[in-house]
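Chemist: just coords:
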């Protein structure tokens, strides 16, 4: 079991470009969560998805950010027209069910740098 | 607002000694989970220990134990016999069982182990 796989590990984008971050959950996990970690801060919730559905996107900025978790393939966090303030580490976690009792497994994150 | 506060940005301890990291939280809910996560330089988020709020007994995992004071909303982590591999950022977090399916993290404490 390869765990939660995130790629790329590092991503550099120029201002105005698009960033696509990928997350493959653990085998058998159908719940995916995205968190953002700004430098020297804790992780902050962005969005919670189940297969083909967005369950809670209350932590995601209304503009430029979107997330999907298609029936087949990884979950994608997409940031359009990136700005310097988007520079952060983006973490994905997955679980087999809804609720902390199922346990979260985190990936190693993608560090996005906007230049 | 639901918040988690870690009042110690940095802590250091001598190898083999004991160190306690503090955490307080604010919630009006009665049913929740509390967690301590470790984040080494590799950036991987590793679950250290978990506590269910309805359990009075403090959780322990080998050299790691917690002091959970529900009335005071306090959840400190004690690391006994500190090892060099314990050096990392430590994050306290809670999860509300009923409601939004997300972890709320504190700002973190950077732990240094002195040989």
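Modeler: Cool, the structure landed. Keep in mind that this is a model prediction, so the values were computed, not measured.

Chemist: beta-bridge partners for residue A:35, please?
Modeler: residue A:45, residue A:91 (DSSP bridges).

Chemist: from what I can see it touches residue A:43, true?
Modeler: Yes: counting by Cβ atoms under 8 Å, residue A:35 touches residue A:43, with 4.0 Å between them. All C-beta spots, glycine's among them, are computed from the backbone N, C-alpha and C.

Chemist: count of neighbours near residue 12?
Modeler: No chain was given, so I picked chain A. Counted by other Cβ atoms under 10 Å in any protein chain shown, the residues lying close to residue A:12 total 13.

Chemist: chain B was what I was after
Modeler: For residue B:12, using other Cβ under 10 Å, the count is 13.

Chemist: Three-state assignment for it, please.
Modeler: strand (DSSP: H, G, I helix; E, B strand; the rest coil).

Chemist: that one and residue B:115 touch, don't they?
Modeler: No: the pair residue B:12 / residue B:115 is not scored as a contact, 11.4 Å apart, by Cβ under 8 Å.

Chemist: and the gap between the spatially closest residue to residue B:99 that is not a sequence neighbour and residue B:96?
Modeler: Counting by Cβ to Cβ, 6 or more residues apart in numbering or on different chains, residue B:99 lies nearest to residue B:29, which is 7.4 Å off, once chain neighbours are set aside. Noted for residue B:29: a distance of 5 Å to residue B:96, by Cβ to Cβ, to the nearest Å.

Chemist: can you check residue B:44 too?
Modeler: From residue B:44 to residue B:96 the distance is 25 Å (Cβ to Cβ).

Chemist: so those two - more neighbours on which side?
Modeler: Shown here are residue B:44 and residue B:96; by other Cβ under 10 Å, residue B:96 has more neighbours (20 against 17).

Chemist: any idea what the more buried one is bridged to?
Modeler: Bridge pairing for residue B:96 - DSSP bridges - gives residue B:32.

Chemist: about what we covered before: what sits in contact with each of residue A:35 and residue A:43?
Modeler: Counting by Cβ atoms under 8 Å, 6 or more residues apart in numbering or on different chains, the shared contacts of residue A:35 and residue A:43 are A:91, B:103.
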